[in-house]
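Colleague: Following is a predicted model, sequence given first.
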Amino acid sequence: MRNPKTRNDVVKKVTSCVRTTRNTPAPRDRKSERGAVLAISAFAMVALFLATGLAVDISRFYTAQAELQNAADAAALAGVSGLNSSAAGITEAANRAVQAMNKYDFNHTGVDFPRTNVLFAVNLNGAYMSEATARTQPHDIRFVKVTTPASPVGVSFAASVLGGSRNLSATATAGYSVPINVYCNWLPVSVIDYGVPMVPGNTYTFRADNQLQVSSGNMQILAAAGPGGQDVRLGLGSGVDLCAEAGATYSVDTKPGANTGPVKQGINTRFDDYASQMDPLSQPPDTNIKENITYSQYRDGTPALAPSHTGIPGRRVVIIPIVKLSEYDQGRNTVIFNRFGVFFLQSKVAGNGDLRAEYIDDIVVAGKGGYDPNGGAGNNLLATPVLYK
């Protein structure tokens, strides 16, 4: 018969087993684990702070880069608008590019932009040359490239990773568009096509007197800006802000009557001559109002006469629709634009209101217009500034 175990023996044995399997760490070991957690947490907080700071700095870099790129784009487009196939146009292009860049602030300060950062080229991917070199072959220049100087941007949070500052710059290239075939700013008068090719340098009448008019009461004035005399005045002073295509079904009414006063008052604003409530802010003069000069002299800048009001270059270079003689009829009728020509206003309108302008064959950068792939043929003498890269 087995001997029964005492209660104390059973309790001792159970207690011994429990202590052996739990293996409870000593208080000193638990303190060591708490220290490791604190170290890992501190390291994670530092890493998170650096990552956040890096993200903030990179975001600032992207914003600053976008500001620089916008400035470069505007400067390149402004430069192209100054090209006119002459050496003076190269200088004007550089002037406009620098002026446009100086309108921008970068990092709350102006950009120190030297003229040497404006380069010119004949082809988009060709060799780019300095302003001085481009002046020796101005007729072939089609593209302007602008590069901003390296501009420092301070690093606020991630200096240990990125350094104290980073230099940023931007480059933009603009040039002539393809020849446009949509015209959105033209004079509401017309030049008659008598079937004889127009000769560059020759002058043509586009507001005829009683002896040269195409028919009784028709003096080649177009009612595109509106039917009244004030419409003629404003249309000739500002141009018609209406898009039209050559050779399309677009037609416009002719305006009967002499309209001598409105013709004078509208055109002469371009020569700094204001009357009948014409406004130099809405109809500014050209920057050169010297009369009785050719387009070549005007284009090259000699001789010149500055206006008393703030002028805008190119106001004497105008786009005029050309209409075939057979399209005209007595009095008011509709005419179809055969094509558009580029003309230079040599003088103010005087006397009986007759107006003559010189036909030119240099490429002119039109501020408005475009190309419709479904439209008619483009005009090789007209283009718009286009940003290429």
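Modeller: Alright, I've got the coordinates. Numbering: from 1, shown residues only.
Colleague: Excluding chain neighbours, what is closest to Ala246?
Modeller: Nearest residue to Ala246 in three dimensions, chain neighbours excluded: Arg339, at 4.4 Å (Cβ to Cβ, 6 or more residues apart in numbering). Placement of C-beta: from N, CA and C, glycine included.
Colleague: Next, that neighbour: phi, psi?
Modeller: Main-chain torsions, Arg339, degrees, to the nearest 10: phi -170, psi 180.
Colleague: where do the helices sit along the stretch 101-250 of the chain?
Modeller: 131-134, 159-162, 229-238 (DSSP state H, counting those that start in this stretch).
Colleague: and the ones you listed, which is most packed in?
Modeller: helix 229-238 (a mean of 22; mean count of other Cβ atoms under 10 Å).
Colleague: Tabulate the CA atom coordinates of stretch 184-192 in CSV.
Modeller: The C-alpha trace of stretch 184-192 is given here as CSV (Å, rounded to 0.1, in the frame of the first residue of the first chain):
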residue,chain,number,x,y,z
CYS,A,184,-7.3,88.0,-85.9
ASN,A,185,-6.2,91.7,-86.0
TRP,A,186,-6.5,93.6,-89.3
LEU,A,187,-7.6,96.9,-90.6
PRO,A,188,-11.2,97.3,-91.8
VAL,A,189,-10.2,98.5,-95.3
SER,A,190,-9.1,96.6,-98.4
VAL,A,191,-6.5,96.6,-101.1
ILE,A,192,-7.7,95.8,-104.6
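Colleague: Please tell me I have it right and Pro280 contacts Thr269.
Modeller: Yes - using Cβ atoms under 8 Å, Pro280 makes contact with Thr269 at a distance of 7.3 Å.
Colleague: Going along the chain, name the strands of the stretch 201-350 of the chain.
Modeller: Per DSSP state E, counting those that start in this stretch, the stretch 201-350 of the chain carries strands over the ranges 203-207, 218-222, 244-245, 251-256, 317-324, 334-336, 339-345.
Colleague: Could you dump those into a markdown table with mean pLDDT, distance to Ile180 and mean neighbour count added?
Modeller: Below are those laid out as a markdown table (pLDDT from 0 to 100; distance: least, Cβ to Cβ, whole Å; neighbours: other Cβ atoms under 10 Å):
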| stretch | mean pLDDT | distance to Ile180 | mean neighbour count |
| --- | --- | --- | --- |
| strand 203-207 | 78 | 21 | 21 |
| strand 218-222 | 70 | 20 | 24 |
| strand 244-245 | 86 | 10 | 18 |
| strand 251-256 | 69 | 19 | 19 |
| strand 317-324 | 88 | 10 | 22 |
| strand 334-336 | 77 | 19 | 16 |
| strand 339-345 | 91 | 9 | 23 |
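Colleague: Would you mind saying which of those strands lies nearest Ala172?
Modeller: strand 317-324 (25.6 Å; Cβ to Cβ).
Colleague: What is the neighbour count of Gly311?
Modeller: 18 (other Cβ atoms under 10 Å).
Colleague: quick one: the spatially closest residue to it that is not a sequence neighbour from Gly314, how far?
Modeller: Closest residue to Gly311 apart from its sequence neighbours, by Cβ to Cβ, 6+ apart: Thr287 at 3.8 Å. Using Cβ to Cβ, to the nearest Å, we find Thr287 at a distance of 8 Å from Gly314.
Colleague: okay, the two: which has more neighbours?
Modeller: Gly314 (21 against 18).
Colleague: List the contacts of that one.
Modeller: Asp286, Val364 (Cβ atoms under 8 Å, 6 or more residues apart in numbering).
Colleague: now swap in Phe344 and tell me
Modeller: Thr294, Tyr295, Tyr298, Arg316, Val317, Val318, Ala357, Glu358, Ile360.
Colleague: Can you name the two of these that sit furthest apart?
Modeller: Thr294 and Val318 (15.4 Å).
Colleague: neighbour count winner among Pro280 and Thr269?
Modeller: Neighbour count, other Cβ under 10 Å: between Pro280 and Thr269, Thr269 has more, with 27 against 15.
Colleague: Show the contacting residues for the more buried one.
Modeller: By Cβ under 8 Å, 6+ apart, the neighbours of Thr269 are Gly237, Met278, Pro280, Gln283, Pro284, Pro285.
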